[in-house]
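In: Predicted model and sequence follow; I will ask about them next.
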Amino acid sequence: MDANLFAVTCTADIEADRLNTFFTMSYENGARMDCQPCLLLVNAWDDLKVQRELTHTIAPVDLSGVRNSFIGKPLKEIALELRREAAQIPSHTLSTVFAVLDERSRTEDNALIVEFEEGELDTARVHFDTVNAELIRIGVITGNVGETRMLAENEPDGVLRTKALELHEQGGPAPRKKLAADPADR
């Protein structure tokens, strides 16, 4: 997967404040894991044609005068359209794996990561603060949503959450090496 942007669509009427929460949480946690912002809000396929160069979406999001063409659409239909639209972007910057804020996202801090491959739809529910980093992981390491889905299914509420490594897990000064000949060790 050579893409460096992942579409974010909404299949429910998501308020601008909620979208701002999503982007802020996802990017803040992603930054702690050295992940660059990679989410592109797409309200209609024309959004991709209007922009000269696609760049990631940042908060605050302004939805005034914006009509979302994905509300109520089936995920499979969106995935098929995204595949077609992404193929038309010359730089191949848009992945066919994408995030969806749905009805649950209106009240809970989670979204779906969606992939449509070989006629099958695969989804995983992921916490807002994990979406950016998880999409990058899928794009760089696993190549599909299957592992993410399995990890989410093992969580008590079915929502995958990742946490940034603590400082002691990231490395740092090594403990002082003790030498056998050191009199202080006797």
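Out: Good, I have the coordinates.
In: gap between the two ends of stretch 60-72?
Out: By CA to CA, to the nearest Å, the extent of stretch 60-72 from end to end equals 24 Å.
In: Pull the residues that contact that stretch.
Out: For stretch 60-72, contacts defined as CB atoms under 8 Å, 6 or more residues apart in numbering pick out 9-13, 15-16, 19-20, 23, 41-45, 78. C-beta: built from backbone N, CA, C; applies to glycine.
In: Top of those residues by number of neighbours, please.
Out: T9 (28 neighbours; other CB atoms under 10 Å).
In: residues contacting that residue?
Out: Taking CB under 8 Å, 6+ apart, we find T9 in contact with V42, N43, F70, I78, F98, A99, V100, L101.
In: three-state assignment of the third one?
Out: Think F70. Applying DSSP: H, G, I helix; E, B strand; the rest coil to F70 yields a three-state assignment of coil.
In: okay, now it: neighbour count?
Out: 22.
In: I'd like the contacts of T9 laid out as CSV, including distance to Q51, secondary structure and pLDDT.
Out: Listed next are the contacts of T9 as CSV, based on distance: CB to CB, whole Å; DSSP: H, G, I helix; E, B strand; the rest coil; pLDDT from 0 to 100:
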residue, distance to Q51, secondary structure, pLDDT
V42, 10, coil, 93
N43, 12, coil, 91
F70, 17, coil, 93
I78, 19, helix, 94
F98, 16, strand, 94
A99, 18, strand, 96
V100, 20, strand, 97
L101, 20, strand, 97
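In: so where is this structure shaky, pLDDT-wise?
Out: Applying pLDDT under 70 to the chain flags the ranges 1-3, 52, 90-92, 163-186.
In: And the helices in this structure?
Out: Ranges of helices in the chain, per DSSP state H, are 16-32, 46-50, 75-87, 131-137, 146-153, 167-170.
In: Can you redo these as TSV, where the extra columns are distance to S105?
Out: Formatted as TSV, the entries for the helices of the chain read as follows, by distance: least, CB to CB, whole Å:
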stretch	distance to S105
helix 16-32	7
helix 46-50	19
helix 75-87	13
helix 131-137	10
helix 146-153	15
helix 167-170	30
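In: most packed of those helices?
Out: Each of the helices of the chain was scored by mean neighbour count; the highest is helix 131-137, a mean of 25, by mean count of other CB atoms under 10 Å.
In: which helices and strands does that helix pack with?
Out: If you count contacts as 3 or more CB pairs under 8 Å, 6 or more residues apart in numbering; DSSP states H and E, helix 131-137 packs onto helix 16-32, strand 39-41, strand 110-117.
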